[in-house]
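Enquirer: Here is the input, now give the coordinates:
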Amino acid sequence: MCSSDLPTMGGCVSVHGPKKPDEFLQALTEFGAGDSSVYWLVEQSSRDVRTNRQCMLEAVKKNGLALDVAASACKADAEIVLAAVTQDSDAFSYIEKNGKMWNEKVFVLRLVTMQGSALQYAKVPLNSNKEVVLAAVSNTGTALLYAGEDMKQDKDVVLAAVQQDGSSLQYACEDLRKNQEVVLEAVRKT
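Expert: From the prediction side, this is the model:
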């Protein structure tokens with residue numbers, strides 16, 4: 001049985017999604033936000049649809065997980081990625097982790113605000129940018145692990161991290177792991 005066949009009582013029936021982008025966009029209007037059918041519509045669509053930027057942007061706005069079956073170029077497109085993760089944070093697992101977008105402060109800042117652990121893919125010097133790192137650790141305290149060494153020595157950053165998750169204290173520099181104010185904050189949160 002091929003992946004485009006569905007079993008029925010009497011055998012298989014072939015299922016094919018839209019072949020052209022305009023057909024896809026028309027079909028997409030039938031689905032609401034969060035509808036899992038969007039994923040299947042993308043998966044059954046032609047390569048022309050799955051590589052079409054506009055089609056994939058509109059699809060992930062309705063179901064972020066559709067990023068999984070989008071073309072590789074779409075998984076490395078900052079606007080598509082942000083729309084997908086905004087719609088469903090689990091779409092983060094389908095993002096291209098080595099793309100040039102990880103060098104772009106605006107992209108990284110927006111993404112770590114939604115998914116702090118994304119800091120691990122930020123390129124140098126963004127993993128040492130205080131604004132970016134503060135946004136990441138405020139979302140996920142343990143993202144401090146992925147921060148540049150200078151940020152692990154920054155009391156403001158470490159305090160923000162332990163206020164979000166006390167266990168992130170383990171990733172701070174030695175001096176701050178002994179700092180009474182920081183330790184008390186970590187204990188309060190743990």
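
Enquirer: who's in contact with stretch 107-123?
Expert: Residues external to stretch 107-123 that are found in contact with it (CB atoms under 8 Å, 6 or more residues apart in numbering): 78, 81-82, 85-86, 89, 92, 97-98, 101-103, 126-127, 131-133, 135-143, 145-147. C-betas here are computed from N, CA, C, even on glycine.

Enquirer: Of these, which count as buried by neighbour count?
Expert: Buried members of the contacts of stretch 107-123, scored by 16 or more other CB atoms under 10 Å, are 78, 81-82, 85, 92, 101-102, 126-127, 132-133, 135-143, 145-147.

Enquirer: Can you tell me which of the residues you listed end up in helices?
Expert: Ala78, Val81, Leu82, Val85, Val132, Val133, Ala135, Ala136, Val137, Ser138, Asn139 (DSSP state H).

Enquirer: Looking at those, spot the one nearest Phe24.
Expert: When those are compared for distance to Phe24 (CB to CB), Val81 wins out at 19.5 Å.

Enquirer: What does the pLDDT read for that closest one?
Expert: If you check Val81, the pLDDT there is 98.

Enquirer: List the contacts of the nearest residue in space to it that is not next to it in sequence.
Expert: Leaving aside its chain neighbours, Val81 sits nearest to Ile95 (5.1 Å; criterion: CB to CB, 6 or more residues apart in numbering). Residues in contact with Ile95 (CB under 8 Å, 6+ apart) are Leu67, Lys75, Ala76, Val81, Ala84, Val85.

Enquirer: Same list, the ones in helices among the buried ones among the contacts of stretch 107-123, but as TSV with distance to Cys55 please.
Expert: Output for those, formatted as TSV (distance: CB to CB, whole Å):
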residue	distance to Cys55
Ala78	17
Val81	15
Leu82	17
Val85	18
Val132	31
Val133	35
Ala135	31
Ala136	31
Val137	36
Ser138	34
Asn139	30
